[in-house]
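Asker: Below is the sequence, then the predicted model.
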Amino acid sequence: MSRANAEAPSAPGHLKSEEVPRAPGLPTPPAEDVLQIPPPFGGWFAQVSQGTCGHRKMRIIGGMPAPDRKWPWQVSLQINNEHVCGGSLIAPQWVLTAAHCIFGFEEYTVRMGSTLLLPESGMVIPVRDIVCHSFYDVRTLINDIALVLLAHSVNYSAFIQPVCLPEKNFEAETGTRCWVTGWGRQMEDVKVLPEILQETDQILLRHTLCNKKLQAHLGYRRTLVRKGMICGYHEDLKSPCKGDSGGPLVCEFNDTWVQVGIVSWGIACGRSELPIVYTEVSMYKDWIIDHIIKVSSCASAGFLILSLSLVLPLGLLVAL
């Protein structure tokens, strides 16, 4: 999380790629070619998990929420106990993240239940399977979304809670203030990741306005920010950075936290004139529900089939 001047089972068999790309991060802007530069749900949010979602069970100390319970849906997607991307818990056995975070035949685990990236903190669960959107495009970063199936369900607690998903086609308005969290770099040129979960607020921009802003800065005419994407920025130069990819952008509506976006790509960290681009979750609500139901119904019959085609990145762009 950039802030100006600083604040196991075997690998999934369906992840096949002739060429293993390099480690994931938050990619730079998309291009026609890889750029070298920069049961039904109702209402306005969908409850994937049984019980409640989008609520924090916080204790209050001196009038301020204790940080260890502030974002209980935040998870760390890891390889060999090393953080590679963020993600969000949306159901007892499901995590939402970005497709560009998934690559090769690596064995993933998910760490949750703690704001600390320490070996003894939280709980670690192996990943059973990963479902990337079948039309994910590494060049344009369209459909940058993936579902992670955990090896077993988790029990909810004060430290582990699911976030709510928005209803299909729900649109958060430009100017809405939301929050993004992650363990990404605090400064673009500092490679060491923070041990403690970072947070910053973001002001939303709809994709058309965001596209014009980025086009003007880069001098491009072609479309960079498309439908299915949403942007966010901060007046004080705070933004997601390398290592924050896949993490949740959440907004509070009527005392309920709803995940509006997934950290996807950006041009640079901590520059207010350059918004960060997120996958807009509401555009993929049906995709998420359909695949959770499909896998759940197969698992209940005693087997798991994911008949999905993957488009894995063969060369990820310069990552944030």
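Answerer: Arrived safely. Keep in mind the model is a prediction, meaning the values are calculated, not measured.
Asker: alpha carbons only for contacts and neighbour counts from here, please
Answerer: Noted.
Asker: By mean pLDDT, which helix or strand of this protein comes out lowest?
Answerer: strand 60-61 (a mean of 32; mean pLDDT, DSSP states H and E).
Asker: Excluding sequence neighbours, find me the nearest residue to Cys251.
Answerer: Cys178 (4.5 Å; CA to CA, 6 or more residues apart in numbering).
Asker: Report the secondary structure state of that neighbour.
Answerer: strand (DSSP: H, G, I helix; E, B strand; the rest coil).
Asker: who does it bridge with?
Answerer: With DSSP bridges as the criterion, Cys178 is bridged to Gln202.
Asker: need the contact list for it.
Answerer: Asp201, Gln202, Ile203, Leu204, Leu249, Val250, Cys251, Glu252 (CA atoms under 8 Å, 6 or more residues apart in numbering).
Asker: and the last one, how many neighbours?
Answerer: For Glu252, the neighbour count with other CA atoms under 10 Å is 16.
Asker: which helices and strands sit right next to the helix or strand where it lies?
Answerer: Assigned by DSSP states H and E, Glu252 belongs to strand 248-253. In terms of contacts (3 or more CA pairs under 8 Å, 6 or more residues apart in numbering; DSSP states H and E), strand 248-253 is packed against strand 82-91, strand 177-182, strand 256-265.
Asker: Show me what Trp94 bridges to in the sheet.
Answerer: Ala91, Leu149.
Asker: check contacts around it.
Answerer: Applying CA under 8 Å, 6+ apart, we find Trp94 in contact with Leu147, Val148, Leu149, Leu150.
Asker: now Asn143
Answerer: Per CA under 8 Å, 6+ apart, neighbours of Asn143: Ala99, His133, Phe135, Tyr136, Asp137, Gly228, Thr279.
Asker: And for Gly182?
Answerer: Met1, Gln74, Gly86, Leu197, Gln198, Glu199, Pro240, Gly243, Asp244, Gly247.
Asker: ok, back up a step: now rank the contacts of Trp94 by neighbours and give me the top one.
Answerer: In the contacts of Trp94, the most neighbours by other CA under 10 Å go to Val148, 25 neighbours.
Asker: Go ahead and confirm that residue touches Ile125.
Answerer: No: contact criterion CA atoms under 8 Å: Val148 and Ile125 do not qualify, at 11.2 Å.
Asker: Next, show the common contact partners of the two.
Answerer: Counting by CA under 8 Å, 6+ apart, nothing touches both Val148 and Ile125.
Asker: Doesn't Tyr284 lie inside a helix?
Answerer: Yes: counting by three-state DSSP, Tyr284 is part of a helix.
Asker: Okay, the closest residue to it other than its chain neighbours and Ile230: tell me how far apart.
Answerer: Once flanking residues are discounted, Tyr284 sits nearest to Lys168: 7.3 Å by CA to CA, 6+ apart. Applying CA to CA, to the nearest Å, the value for Lys168 to Ile230 is 15 Å.
Asker: Pick out whichever of those two has more residues nearby.
Answerer: Applying other CA under 10 Å to Lys168 and Ile230 shows that Ile230 carries more neighbours, namely 30 against 19.
Asker: How about the more buried one: which residues does it bridge to?
Answerer: Those that pair with Ile230 in a beta bridge, by DSSP bridges, are Tyr278.
Asker: How confident was the prediction at it?
Answerer: Note for Ile230: predicted pLDDT of 96.
Asker: Just list whatever residues bridge to Val75.
Answerer: Going by DSSP bridges, Val75 forms beta bridges with Gly87, Met112.
Asker: Can you tell me how far Thr176 is from Val260?
Answerer: 11 Å.
Asker: Now His152: closest residue in space that isn't a chain neighbour?
Answerer: Gln93 (6.1 Å).
Asker: Can you report how many residues neighbour the one you found?
Answerer: So Gln93, with other CA under 10 Å, has 20 neighbours.
Asker: Lys213 now?
Answerer: Quick note: Lys213 (other CA under 10 Å) scores 17 neighbours.
Asker: try the one 10 residues further on
Answerer: Neighbour count of Thr223, defined by other CA under 10 Å: 15.
Asker: now Lys212
Answerer: Lys212 has 17 nearby residues by other CA under 10 Å.
Asker: That one sits in which helix or strand?
Answerer: helix 207-218.
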